[in-house]
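Undergrad: Got a predicted structure here, sequence first:
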Amino acid sequence: MPSAKVYGVDRFGQVALGEVEFFSEPKAPAIYVGTKATVGVFGSNTSIITAAGRSVKAASLASELTVTDHSFEAMLRLSEMDCELLNQGFWLSLCEVALASDGQVVLLSKQNVDGKLIKVAKTEIRVGTDFWADVTTSLERRRKDGADAVFERGEHPLLIWYLSALVELGVSYSLAYDSIQHTASVGVILNATSHPRDLRGACAFHSAFDLPMVRMAWGDASWSPVVDGFLVRASH
C-alpha cells in the first residue's frame, strides 16, 4: 500500500499537493478519454470532473457516447508546480523513449541563455532537472495525415510528456482523433488558432484488452488530483 504526494487542485482552484495511496487492482478494460488538449487513460469507475464542476464516470462517456456533451480542464502547465517535488526521472526517461523509439529521428530544441534555440544531437544531450520545462521535440518522421506529430495510442505517456513541453513553451496546438468512438493514434496539430483552458470532449472508448489497474485513494474531499491533465474525484 504505497503512498505519495501528488499535485491536484484545492477548493479555491489553486494547485496544491495532496497525499494519495495506491492499491493494485485486477486487470480490466481501460477507458480512453480525449479532448483537443489532452488524453487520459482511466479505470471504468473513475469520476472525472467537468469544467462545470460536475462528476461523470469515465465508462459512461464511452458507453453512452456523451463525451462531446462535456468540457474538461487541461492541467498540463507543470511550471506552476514545485519542480523539486516532481518525479524528474520519469520525465527524463520519457525523453529517452522519444529518442530511441523505432530509430526515429528526434531533434530536441532547447533555449540557451541568449534565448536562441539550439538543436541537440542524441550523443550531446546534457539535461538538468528543469529540462522538460523549456524543451520541445521535433518528431520529423511522425508527420503524416496533416498532423505535425502522430502518436500511437500505446504511446500515451510520451504524448503527455510532449504536450506538457508544448504548454511550457507557449506553443498552441490541437489534438485530432480518428473518430468519437475510437482512435488508433492521436495527431498533434501545432500552432492551432485557439487553445482554450477547458475543452469539449472529442473521443472516448474502451480498450480492446484488459490492462493492469491501480486504484488511487485520498482523504481530503475538497482536493482533486490531476491525472493526465484531467481533474478526478473520489468514487464512492
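TA: Structure received. Everything quoted here is computed from the prediction, not taken from an experiment.

Undergrad: and the residue nearest to Phe23 when sequence neighbours are not counted, how many residues sit next to it?
TA: Here the nearest residue to Phe23 in space, its sequence neighbours aside, is Arg215; by Cβ to Cβ, 6 or more residues apart in numbering that works out to 4.4 Å. Using the backbone N, CA and C atoms, a C-beta is placed for each residue, glycine as well. Other residues within reach of Arg215 by the criterion other Cβ atoms under 10 Å amount to 14.

Undergrad: same check, this time on the one 10 residues further on
TA: Pro225 has 20 neighbouring residues, counting by other Cβ under 10 Å.

Undergrad: cool, and Thr50?
TA: The criterion is other Cβ under 10 Å. On that basis, Thr50 has 18 neighbouring residues.

Undergrad: For the closest residue to it other than its chain neighbours, which residues are in contact?
TA: Distances taken as Cβ to Cβ, 6+ apart put His70 closest to Thr50, at 4.6 Å, once the chain neighbours are dropped. When the contact criterion is Cβ atoms under 8 Å, 6 or more residues apart in numbering, the partners of His70 are Thr50, Ala51, Ala52, Val56, Leu61, Arg200, Gly201.

Undergrad: Please flag which of these sit within strands.
TA: Taking DSSP state E, the ones among the contacts of His70 that sit in strands are Val56, Arg200, Gly201.

Undergrad: Tell me the secondary structure of Leu166, please.
TA: Following DSSP: H, G, I helix; E, B strand; the rest coil, we place Leu166 in the helix state.

Undergrad: Same list, the ones in strands among the contacts of His70, but as JSON lines with pLDDT and distance to Ala74 please.
TA: Listed next are the ones in strands among the contacts of His70 as JSON lines, based on pLDDT from 0 to 100; distance: Cβ to Cβ, whole Å:
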{"residue": "Val56", "pLDDT": "95", "distance to Ala74": "16"}
{"residue": "Arg200", "pLDDT": "90", "distance to Ala74": "11"}
{"residue": "Gly201", "pLDDT": "94", "distance to Ala74": "12"}
